[in-house]
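Colleague: here is the input, now give the coordinates:
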Amino acid sequence: MTVSPHPAVTVLAGPTAVGKGTISTYIRDNYPQVWLSVSATTRQPRPGEVDGVHYFFVGPEKFGELVNDGEMLEWAVVHGQNSYGTIRTKVEEAVAAGKRVLLEIDLQGARQVKENLPEATFVFLAPPSWEELVRRLVGRGTETPEEQQRRLETAKLELAAESEFDVTIVNDDISRAANELVTLMGLTPHAR
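Modeller: Sure, this is the predicted structure:
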């Protein structure tokens, strides 16, 4: 695959606990010229979450309408409960405004975007090693041992999908990996 020299839309995906959210937060804090997509969800806001900032909180009926009307660039039901997805028009508006767009999504979502927006650049965020991925997941302390095991089994499948992506970036250092990503997006990285 050929990578666009300055893609309008870049998709960042990778296995659970690899640090996609951490990289995205670093980019949000350090590269205001990058437009990070905000997902729509049917779940209720958690304390401190702001509609339109953290998520677009929509009810199941509205989410269904967006899907049926072809307004979702990608979407999925997560853990059999709530739906999450990327609203197509929000991405199109950002691209039309000349913004560099970053979608931080899961593997399933990346595959849907590839079908709907094949001109995007697809970046796989990889851990430095399997042992480091396990350490990060267990170290978060946010999942039960059973949930950790389930996520690690899923991570094995996600790691096997690396060849579906245009570029792999190893997340061995947050600022280095983020700078590699923004360079790929056609921006000048900050000095370290």
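Colleague: tell me if I am right that Tyr84 is in a strand.
Modeller: Yes. Assigned with DSSP: H, G, I helix; E, B strand; the rest coil, Tyr84 falls within a strand.
Colleague: list of residues touching the one helix or strand Glu92 maps to?
Modeller: Element membership for Glu92, per DSSP states H and E: helix 88-96. Applying CB atoms under 8 Å, 6 or more residues apart in numbering, the contact partners of helix 88-96 are 8-9, 35, 37-38, 70-73, 101, 103, 116-117. All C-beta atoms are positioned from the backbone trio N, CA, C, and that covers glycine.
Colleague: what subset of the residues you listed is buried?
Modeller: Ala8, Val9, Trp35, Ser37, Glu71, Met72, Leu73, Val101, Leu103, Leu117 (16 or more other CB atoms under 10 Å).
Colleague: list just the nearest of the residues you listed to Arg43.
Modeller: Distance to Arg43 across those (CB to CB) is lowest for Met72, with 15.8 Å.
Colleague: help me confirm that that closest one comes into contact with Ile87.
Modeller: Yes. In this structure Met72 lies within contact range of Ile87 using CB atoms under 8 Å: 6.6 Å.
Colleague: give the residues shared as contacts by the two.
Modeller: Ala40, Leu66.
Colleague: quick one on the thing from earlier: check which helices and strands whichever helix or strand comes after the helix holding Glu92 sits against.
Modeller: Next along the chain after helix 88-96, taking DSSP H and E as the criterion, comes strand 100-104. With contacts taken as 3 or more CB pairs under 8 Å, 6 or more residues apart in numbering; DSSP states H and E, strand 100-104 sits against strand 9-13, helix 20-30, strand 34-36, helix 88-96.
Colleague: packing partners of the third one?
Modeller: Other helices and strands packing on strand 34-36, by 3+ CB pairs under 8 Å, 6+ apart, are helix 20-30, strand 100-104.
Colleague: off-centre distance for the last one?
Modeller: To tie it back to what came earlier, the one meant is strand 100-104. Distance, stretch centre to chain centre, for strand 100-104: 8 Å (CA atoms, centre = their mean, to the nearest Å).
Colleague: again, but for the first one
Modeller: In terms of CA atoms, centre = their mean, the centre of helix 20-30 is found 11 Å from the chain centre.
Colleague: give me the angle between that helix and strand 100-104.
Modeller: Per axes from the mean of the first three to the mean of the last three CA atoms, to 10 degrees, the angle that helix 20-30 makes with strand 100-104 is 150 degrees.
Colleague: what is the nearest of the contacts of helix 88-96 to Phe165?
Modeller: Using CB to CB, Leu103 is the member of the contacts of helix 88-96 that lies nearest Phe165, at 12.9 Å.
Colleague: run through the neighbouring helices and strands of the helix ranked longest in the chain.
Modeller: Assignment by DSSP state H gives helix 145-159 as the longest helix of the chain. Contacts defined by 3+ CB pairs under 8 Å, 6+ apart place helix 145-159 against helix 130-140.
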